[in-house]
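>>> I would like the atomic coordinates for the input below:
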Amino acid sequence: MALTLFNWLDQISYEKKPWSSFSIDDYGSFNPYLINRFISMKSENIEIVNLIQKYPNIPKKQLYNFYCNVIPKKKTFFKYIKSSKQNYNIELIELISKWFNTSIRETIDYYSLLDKDEVMKILLTMNKSNKQIKNLMK
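Numbers count the residues shown, from 1 in each chain. Have a look, this model is predicted:
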């Protein structure tokens, strides 16, 4: 069974086995993009990842060896940092966009400035029922 992303991160940060000790299946499971992404989640590694990403076609073996040599040997948890981007009800955004006669993008930017009561007033003015409003505001 091939190594998972988290197995590779453990290898890079703690175990640091030589590249030649892995199987062909393991080599195939090494994903440079995801490795770079997760390693960069630790603030002390951002500059290292930024440096190595300047060379996008670096062979997997060299990338692995680089990280093994540069990242200190310690058990590390690479916490994934999620985007703070909110998911909006697109139907609600479209209605508000029509109301203000603005683009969808502008409406999304301004939506956070509207409080719940204002949105409800807009929807009531647009002849939406209380049930429709409740569904839109979920």
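
>>> what's the helix or strand bottoming out on mean pLDDT in the chain in contact with?
Every helix and strand in the chain was compared by mean pLDDT, DSSP states H and E; the lowest is helix 104-111, with a mean of 86. Here helix 104-111 makes contact (CB atoms under 8 Å, 6 or more residues apart in numbering) with 88, 93-94, 96-97, 100, 102. C-betas here are computed from N, CA, C, even on glycine.

>>> let's go with 7 Å and repeat that
The contact list for helix 104-111 (CB atoms under 7 Å, 6 or more residues apart in numbering) reads 88, 93-94, 96-97, 100.

>>> centroid residue for this protein?
Nearest to the mean C-alpha position of the chain, by CA atoms, centre = their mean, lies K82 at 4.8 Å.

>>> quick one, strands of the chain?
In the chain, no strands are defined using DSSP state E.

>>> all helices of it, in order?
5-10, 24-29, 32-39, 46-52, 60-70, 90-100, 104-111, 116-125, 130-136 (DSSP state H).

>>> contact partners for M126?
Residues near M126 by CB under 7 Å, 6+ apart: 95, 99.

>>> list phi and psi for it.
phi -90, psi 10 (degrees, to the nearest 10).

>>> likewise P72?
Dihedral angles phi and psi of P72 (degrees, to the nearest 10) take the values phi -60, psi 150.

>>> name the nearest residue to it, ignoring sequence neighbours.
Excluding its sequence neighbours, the residue lying closest to P72 (CB to CB, 6 or more residues apart in numbering) is S13, at 7.9 Å.
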